[in-house]
Every structure is written in C-alpha cells, then in structure tokens.
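Q: structural data only, the sequence is not supplied:
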C-alpha cells in the first residue's frame, strides 16, 4: 500500500524559499510507478489549489499562477519528491499536500498534509 508523507519547516520567512518533501513508501516514485505525483495546497478558509505535478518520467507541469516560482523534482533512489516555492509571501500560507495523480479528481492517495505559515 502506497503511503505519502509531507515534511518540512512549518514557518518560512517572507521572500525565502519554501521547501517541502514528499516521501513515498510502499511503492516506487520513478519510472516503475507509472504515476504522477502532485503538490496541492489549501489556504485558510479556501479551497484546494493545485500547484503542479511531476510524472513517472520526470515531466513537470505547473499552475499558471505559480509556474514562475514553483519547482517539483523527484529522487527515485530516495523515493521522494521535493517542492520548492521561491520568494515566499504570506499568501502562500496553507496546508500543503502531496498526492498521487495528475489532476482532481484522479488523486487516489494523499499525504496527511503539513501546515506552512509564511511571515516576516
């Protein structure tokens, strides 16, 4: 059974890079997975916002609003997928999730989420 776990700092200063890691257990994340691995976030009081994904072959796609600041990579040897969001701002405060799948409603496995607050 595949499980996902997000990790990273819960407080990031404005203008710094927000860095999170999704660790996958119970299955591969690289080419053998034949899967997409997404990052999604939910700001307080708002709905889910897709950030982007990386595919089993390393192809990435990002939301228009975040593509200039977001970077998703993967390390098949460690079975993890880092997310970096540069120039963090208070509006980036959210619960961040990683999930298996490319777009809603195709996610079939979610991490529990991690709260990140961006503040000066």
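A: Right, received. Where do you want to start? Not measured: the values here are computed from a predicted model.

Q: what's the offset of stretch 87-94 from the middle of its chain?
A: Relative to its chain's centre, stretch 87-94 lies at 14 Å (CA atoms, centre = their mean, to the nearest Å).

Q: got the contact list for it?
A: Here stretch 87-94 makes contact (CB atoms under 8 Å, 6 or more residues apart in numbering) with 12-18, 41-44, 49, 69, 85, 115-120. Backbone N, C-alpha and C define where each C-beta goes, glycine included.

Q: you'd agree residue 91 is in a strand?
A: No - assessed with DSSP: H, G, I helix; E, B strand; the rest coil, residue 91 is helix; it does not lie in a strand.

Q: which helix or strand contains residue 61?
A: According to DSSP states H and E, residue 61 maps onto strand 60-62.

Q: quick one: contacts for residue 38?
A: 50, 51, 52, 53, 98, 99, 100, 101, 102, 103, 107.

Q: the same query, at a cut-off of 7 Å, please.
A: 50, 52, 53, 98, 99, 101, 102, 107 (CB atoms under 7 Å, 6 or more residues apart in numbering).

Q: cool, and residue 74?
A: Residues in contact with residue 74, defined by CB under 7 Å, 6+ apart, are 29, 30, 37, 54, 58, 81.

Q: just put these in TSV and tack on secondary structure and pLDDT.
A: Shown next, in TSV, are those (DSSP: H, G, I helix; E, B strand; the rest coil; pLDDT from 0 to 100):
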residue	secondary structure	pLDDT
29	coil	86
30	coil	83
37	strand	94
54	strand	95
58	coil	91
81	strand	92
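
Q: take those residues and lay them out in a markdown table including neighbour count and distance to residue 22.
A: Below are the contacts of residue 74 laid out as a markdown table (neighbours: other CB atoms under 10 Å; distance: CB to CB, whole Å):
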| residue | neighbour count | distance to residue 22 |
| --- | --- | --- |
| 29 | 25 | 9 |
| 30 | 16 | 14 |
| 37 | 25 | 7 |
| 54 | 25 | 10 |
| 58 | 11 | 15 |
| 81 | 24 | 4 |
